[in-house]
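A.B. asks: requesting a structural model of the entry that follows:
(one chain, ligands or ions: 1)
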Amino acid sequence: MYSNLSNFSEDINTSFIVIFSVISFFLIAITVTIILFVIKYREKKNPVPTPIEGSVILEIIWTVIPLGLVIGMFYYGWMAWIPTVSDAPEDAIEVKTTARMWSWLFEYENGKKTDTLYVPEGKPVELQMTSPDVLHSLYIPAYRIKRDIIPGRVTNIWFEPRKTGSYDLFCAEYCGLQHAFMITEVKVLTQEEFDEWYIDTTAVVKAAATPGAEGLQILRMNGCIACHSLDGSKLVGPSYKGIWGHEVEVEKGGQKQTLLVDAEYIRNSIYNPDEEIVVGYSKGLMRSYQGELTDEDIDKIIVYLESLSDKKE
Ligand code: CUA
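C.D. replies: Residues are numbered from 1 along each chain as shown. Predicted structure coming up:
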C-alpha cells in the first residue's frame, strides 16, 4: 500500500519499517524480560540478594549491538531524507504556491491559478512556496513529503507523482482558527489529460458567462471564503450573503456608526480591513489586499455580492 505513489515513497517507507521493527522488537523483548525477572527473582524466593560483580563481555555486547542498530536506523533515515531536500531536476514543472490563512493558491508557469494542485503523472514538480501571513506547512502524506512555509521566504519542495488519482494535501502547522480549512488535493492526471487541462481556458470563459462568476472566482482564488461564508453563516468575518445595499453597524475609531454597504465600503474593507469593523467581529484578523486586488477586481467582486443580495444598484 502507498509504496510507489511518489519517487520518495519507497525509501521513506523502508526507513519507517526498519525503525519500527527495531523499536517494536525491543519494546516486546524488554517488557517480557521485565515480567519474567519480576516473577523469577521476587523477594519471597530470593530473600538474600546475590552480589553482582559486573561483566566486561556483557558491557561490550550491550554497547556494540545498540550502536550498530542506531547507526543502521540512521543510515536508512538519512538515505531516504537526503533526496527529498535535494534540488529538483532541471526539467521540473514549477508551481508557485501560496499558503495563507486559510487556503492554498497554486500558480502555473502559464499564469493559470487553482486552489487544487494539478500535476502530470511521471514528471517532477517543484513547489516554490511562500506565505503572506503566518507559518504554514505543506504536507502530502501519500508522497511522504512535508515542508514549512515561512512568511518572507521562499521554501521549495519537489516530488514526482507515479500514479494518477487524487491525494490529500493539507497544512500541518497550526495557523489559526480555520487551520482545518487548509485541506485540498493533488490531482495527478495522465500527460495528455494534463496538457488538455493546462491549455484549457473554457473554465474562464464559462465563468464570465454568468453575472458575478468572475467575482466569485476572485474570492475563491484569494481565499476570502475561508472567513466569509456565502450562505449567511458566521465565520471569522461577516457572510457575503445579503449584505450588499443593506445597512450595517460598524465600529470606526472607537465609535459605533451605521453605514451603507456600497462600493466605497467594500473597497475600504478590502484595502483597510481594520478601519470599519462590523460590530460583533474582531480587528486584526484580516490583512490588507492593497496591491493584491485591483479596483477592477473589486468591481467584479461587487457584481457577485449584488447577486447574493435582494438589493440591486
Ligand atoms: Cu495553514 Cu495550518
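
A.B. asks: so which residues of the chain form helices?
C.D. replies: 9-40, 56-84, 191-199, 202-209, 213-221, 263-271, 295-307 (DSSP state H).

A.B. asks: same for the fifth one, what does it pack against?
C.D. replies: This points to helix 213-221. If you count contacts as 3 or more Cβ pairs under 8 Å, 6 or more residues apart in numbering; DSSP states H and E, helix 213-221 packs onto helix 202-209, helix 295-307. For every residue, glycine as well, the C-beta is placed using N, CA and C.

A.B. asks: next, count neighbours for the residue in the stretch 1-150 of the chain positioned nearest to the ligand.
C.D. replies: Of all residues in the stretch 1-150 of the chain, residue 136 sits closest to the ligand, at 3.6 Å by Cβ to the nearest ligand atom. Residue 136 has 30 neighbours, counted by other Cβ atoms under 10 Å.

A.B. asks: swap in the one 5 residues further on?
C.D. replies: The burial count assigned to residue 141 is 14, neighbours taken as other Cβ under 10 Å.

A.B. asks: next up, the contacts around it.
C.D. replies: 167, 168 (Cβ atoms under 8 Å, 6 or more residues apart in numbering).

A.B. asks: do you know how far it is from residue 9?
C.D. replies: Computed as Cβ to Cβ, to the nearest Å, the residue 141 to residue 9 distance reads 10 Å.

A.B. asks: in terms of pLDDT, where does the residue of the stretch 1-150 of the chain closest to the ligand sit?
C.D. replies: In this model, residue 136 is scored at 96, pLDDT.

A.B. asks: quick check: closest non-adjacent residue to it.
C.D. replies: residue 99 (3.8 Å; Cβ to Cβ, 6 or more residues apart in numbering).

A.B. asks: what about that neighbour, neighbour count?
C.D. replies: Count around residue 99 with other Cβ under 10 Å applied: 27.

A.B. asks: just checking, it touches residue 131?
C.D. replies: Yes - between residue 99 and residue 131 there is a contact at 5.0 Å, judged by Cβ atoms under 8 Å.

A.B. asks: intersection of neighbour lists for the two?
C.D. replies: In contact with both residue 99 and residue 131: residue 149, using Cβ under 8 Å, 6+ apart.

A.B. asks: contacting residues around residue 300?
C.D. replies: With Cβ under 8 Å, 6+ apart, residue 300 has these contacts: 212, 214, 215, 218.

A.B. asks: ok, the residue of the stretch 1-150 of the chain closest to the ligand to residue 106 distance?
C.D. replies: 14 Å.

A.B. asks: can you map out the strands along the stretch 51-200 of the chain?
C.D. replies: Secondary structure of the stretch 51-200 of the chain (DSSP state E, counting those that start in this stretch): strands at 93-100, 103-107, 113-114, 117-120, 125-130, 136-140, 145-149, 155-159, 165-171, 183-189.

A.B. asks: which of those strands is buried the deepest?
C.D. replies: strand 136-140 (a mean of 23; mean count of other Cβ atoms under 10 Å).

A.B. asks: packing partners of that strand?
C.D. replies: By 3+ Cβ pairs under 8 Å, 6+ apart, strand 136-140 packs against strand 93-100, strand 145-149, strand 165-171.

A.B. asks: got the residues of the stretch 151-300 of the chain near the ligand?
C.D. replies: Neighbours of the ligand within the stretch 151-300 of the chain, by Cβ under 6 Å from any ligand atom: 171, 173, 174, 175, 179, 182.

A.B. asks: neighbours of the fifth one, how many?
C.D. replies: The criterion is other Cβ under 10 Å. On that basis, residue 179 has 17 neighbouring residues.

A.B. asks: again with the second one
C.D. replies: Applying other Cβ under 10 Å, we find 18 residues neighbouring residue 173.

A.B. asks: what's the closest non-adjacent residue to it?
C.D. replies: residue 137 (3.8 Å).

A.B. asks: swap in the last one?
C.D. replies: Excluding its sequence neighbours, the residue lying closest to residue 182 (Cβ to Cβ, 6+ apart) is residue 171, at 3.5 Å.

A.B. asks: is the one you found in contact with residue 136, as I believe?
C.D. replies: Yes - the pair residue 171 and residue 136 qualifies as a contact (Cβ under 8 Å) at a distance of 4.9 Å.
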